[in-house]
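> here are the coordinates; sequence isn't available:
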């Protein structure tokens, strides 16, 4: 089945919850892929192509990815609630009562919030290094790197994101060891056009008011993925989720924050086993 696009992108540039732009491929039980906060749904293309042989796979494009990739400045009205309700409206639009979900980084963080709010709509979760640093904050695990990252990324909210800002972010996220070398990374030209998406990552998006205690209420099967070379705080978030979610399985793949791309065959193998 060919992919289908929806969403009146040029007509609906607000921050109210709305049906997300999406693309569907394949037949079978629905699997919804939610991307991270920079390049957006482009990152899930190879996964959709493979998984659509056995599943109905839907890539969604969150509002901040759409508008950020268009060069739009982040809006202070964009919150974790907007992300959550937009996912719900998209599920309604697709007429799915329940679905399997997979999310990377910011997409994983959004799916934790969605699952806590709408547990009956989530059959299973696969979370690749969700950027839910609020978990460590609530546990009192101080980390200077996280504090610096928060100060930096929240300082970009609603502002023009330069290439220097992008390079610094890539260093914090673990995509490059030295921000000074970011422009030499093979993915640099791919990242640059989407840099304004970072201006949408305000504190209202990062913190939803949830508590660590609520994590134990996520009772669906959860696959948690971390990379061997990723940042320690991201690994720690995965480990805490693994300890607190009853039906969680933790898998470590070769690679950094994008290990599900760098070790795609292993990731797809683990995901298929998880879905069955």
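The structure has been received and is ready for your questions. If you're wondering where the values come from, they're calculated on a predicted model, not measured in any experiment.

> residue 30 pairs with what?
Counting by DSSP bridges, residue 30 is bridged to residue 56.

> contacting residues for it?
By CB atoms under 8 Å, 6 or more residues apart in numbering, residue 30 lies in contact with 55, 56, 57, 58, 94, 96, 99, 100. (Each C-beta comes from the backbone N, C-alpha and C, glycine too.)

> who touches residue 83 in this structure?
Neighbouring residues of residue 83 by CB under 8 Å, 6+ apart: 62, 63, 64, 110, 113, 114, 205.

> which of these fall in helices?
Here DSSP state H is the test, and the contacts of residue 83 give 63, 64, 110, 113, 114, 205 as lying in helices.

> surely residue 123 touches residue 98?
Yes: contact criterion CB atoms under 8 Å: residue 123 and residue 98 qualify, at 4.9 Å.

> re the thing from before, which one of the contacts of residue 83 is nearest to residue 143?
Nearest to residue 143 out of the contacts of residue 83 is residue 205 (CB to CB; 19.5 Å).

> so what's the residue count around the residue nearest to the closest one when sequence neighbours are not counted?
Of all residues not flanking residue 205 in the chain, residue 80 sits nearest, at 5.5 Å (CB to CB, 6 or more residues apart in numbering). Counted with other CB atoms under 10 Å, the neighbours of residue 80 add up to 23.

> now the phi/psi pair for residue 80, please.
Dihedral pair for residue 80: phi -60, psi -30, per degrees, to the nearest 10.

> test my guess that it contacts residue 201.
No: checked against CB under 8 Å, the pair residue 80 and residue 201 is beyond contact range at 10.9 Å.

> off-centre distance for stretch 261-276?
17 Å (CA atoms, centre = their mean, to the nearest Å).

> mind listing what's buried in the particular helix or strand that has residue 189 in it?
Counting by DSSP states H and E, the element that carries residue 189 is helix 188-191. By 16 or more other CB atoms under 10 Å, the buried positions in helix 188-191 come out as 188, 191.
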